[in-house]
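# need a structure here:
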Amino acid sequence: MLVLVAPGQGAQTPGFLTPWLELPGAADRITAWSDAIGLDLAHYGTKADADAIRDTAVAQPLLVAAGLLSASALGDIAPGAVAGHSVGEFTAAVCAGILDEAPALGLVRKRGLAMAEAAAVTRTGMSALLGGDPETTIPHLEKLGLTPANVNGAGQIVAAGTLEELAALEADKPEGVRRVVALKVAGAFHTHHMAPAVETLARGAAELTPADPKITYLSNKDGQAVTTGTEVLSRLVGQVANPVRWDLCMETFKELGVTALLEVCPGGTLTGLAKRALPGVKTLALKTPDDLDAARELIAEHASA
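Numbers count the residues shown, from 1 in each chain. Model (predicted):
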């Protein structure tokens, strides 16, 4: 059984979209999406520097567009399940037939703008903690006023809060944590700091009519399958201010008997977690179109089950 997954913010790197635009029809699709959402995706995906694509309002639609472009390049596939990390949930929702591409990107654009506005209120950020035990780490974070915003499994938790709280974490790491790494994001996402963005996103979501998933769709909220499009859309809205439980998604992968995990562009983050948390599961990250042949072989080997 194959699961298709989509990464979240922080996975972007300068120029990562460039080779994908050489695929037939890709540049035209990116142009159409850019016009629809009022953002030059081609520019940001090929020419912009790291600081420009760190902007939340840019990074989020850029990541979803890249994920959709790479997924469509695989052809007509039917994975056993789909899941996305944070904004990657929108990519997964399109792949599951819940949302159409252009409306999904429009809502992601609104999400990014609203989250950027919320992040501007207070100087906040996120840092990944490598190593340690969640039972020790999470209470330590809460003592410092931080939120365990991403519980990713495989020995990784991402803390979010004010820059002062994150500085305190650097000076006072939880027992067993080897490193604290600041992430390339511009705010404390999936925390109470994002509460103002939820209302904006809810108004945007109210304009959409989601379909029920055609493929098993797993939610960041609890790692469980969601069977109606209405509930998926509701969770996409609320998830902005609530922690991402990728660890629970990977637990569900185990329960489903997943044998292979394929990560859409810009792949790498989720396959890295899977290699540590899901031993025996084959993984492949779509970084460039050069990875497509290997991805098709993986699909042929595992999707039929």
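# do you know the pLDDT at the closest residue in space to L233 that isn't next to it in sequence?
The spatial neighbour of L233 that comes closest, neighbours along the chain excluded (C-beta to C-beta, 6 or more residues apart in numbering), is P210 at 4.7 Å. C-beta: built from backbone N, CA, C; applies to glycine. Confidence per residue is given as pLDDT, and for P210 that number is 98.
# what sits against P210?
Contacts for P210 (C-beta atoms under 8 Å, 6 or more residues apart in numbering) come out as 93, 98-99, 229-230, 232-233.
# report the contact partners of M250.
Under the criterion of C-beta under 8 Å, 6+ apart, the contact partners of M250 comprise 153-154, 223, 273-274, 277-278.
# wait, F189 touches H85, no?
No. Under the criterion of C-beta atoms under 8 Å, F189 is not in contact with H85, lying 11.2 Å apart.
# which of those two has more neighbours?
Neighbours around F189 and H85, counted as other C-beta atoms under 10 Å, are more numerous at F189. The numbers are 33 against 25.
# please check the contacts of P210 and keep the buried ones.
Taking 16 or more other C-beta atoms under 10 Å as the criterion, what is buried in the contacts of P210 is 93, 98-99, 229, 232-233.
# out of those, who's nearest P139?
Nearest to P139 among the buried ones among the contacts of P210, counting by C-beta to C-beta, is V232 at 31.8 Å.
# buried set for stretch 190-198?
Those buried within stretch 190-198 under the rule 16+ other C-beta under 10 Å are 190-191, 193-194, 196-198.
# which members of these occur in helices, if any?
196-198 (DSSP state H).
# want to throw the residues you listed into TSV with distance to L292 and pLDDT?
Output for those, formatted as TSV (distance: C-beta to C-beta, whole Å; pLDDT from 0 to 100):
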residue	distance to L292	pLDDT
P196	40	93
A197	35	95
V198	37	96
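# can you map out the strands along the stretch 1-150 of the chain?
Applying DSSP state E, counting those that start in this stretch to the stretch 1-150 of the chain gives strands spanning 2-6, 81-84, 124-131, 147-153.
# of those, which is nearest R179?
Put simply, out of the strands of the stretch 1-150 of the chain the one that sits nearest R179 is strand 124-131, at 4.6 Å, with distance taken as C-beta to C-beta.
# just to revisit the earlier point, got a PyMOL select line for the buried ones in the contacts of M250?
Per 16+ other C-beta under 10 Å, the buried members of the contacts of M250 correspond to this PyMOL selection:
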select buried, resi 153+223+273+274+277+278
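# now intersect the contacts of M250 with the strands, please.
Among the contacts of M250, the members found in strands (DSSP state E) are G153.
# select from the contacts of M250 the entry with the lowest predicted confidence.
The lowest pLDDT within the contacts of M250 belongs to A154, which sits at 82.
# which ones are touching that one?
Taking C-beta under 8 Å, 6+ apart as the criterion, A154 is in contact with 247, 250, 272-274, 276-277.
# distance of the residue nearest to L233 relative to T13?
As for P210, its distance to T13 is 31 Å (criterion: C-beta to C-beta, to the nearest Å).
# now do V237
Separation of V237 from T13 (C-beta to C-beta): 29 Å.
# same check on G155?
Separation of G155 from T13 (C-beta to C-beta): 24 Å.
# of these two, which one has the most company?
Neighbours were counted for G155 and for T13 using other C-beta under 10 Å; G155 has more, 18 against 13.
# you'd agree E165 is in a strand?
No. Using DSSP: H, G, I helix; E, B strand; the rest coil, the assignment for E165 is helix, not a strand.
# ok, it to G125 distance?
Remark: distance between E165 and G125 (C-beta to C-beta) = 9 Å.
# ok, and for stretch 271-285, which residues are buried?
Result for stretch 271-285 [16+ other C-beta under 10 Å]: buried residues 271-274, 277-278, 281-285.
# now distance to L4 too, for those, in TSV please.
Formatted as TSV, the buried residues of stretch 271-285 follow (distance: C-beta to C-beta, whole Å):
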residue	distance to L4
T271	12
G272	17
L273	15
A274	12
A277	17
L278	15
V281	13
K282	13
T283	12
L284	11
A285	12
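# so what's the nearest residue to L69 once chain neighbours are set aside up against?
Counting by C-beta to C-beta, 6+ apart, L69 lies nearest to W20, which is 5.3 Å off, once chain neighbours are set aside. W20 sits next to 26, 45, 66, 69-70, 73, 265, 288-289 when contact means C-beta under 8 Å, 6+ apart.
# what do you get for M194?
Contacts were defined as C-beta under 8 Å, 6+ apart; by that measure M194 touches 115, 118-119, 187-188, 240-241.
# ok, 6 Å please
Applying C-beta atoms under 6 Å, 6 or more residues apart in numbering, we find M194 in contact with 115, 118, 240-241.
# all set, thanks.
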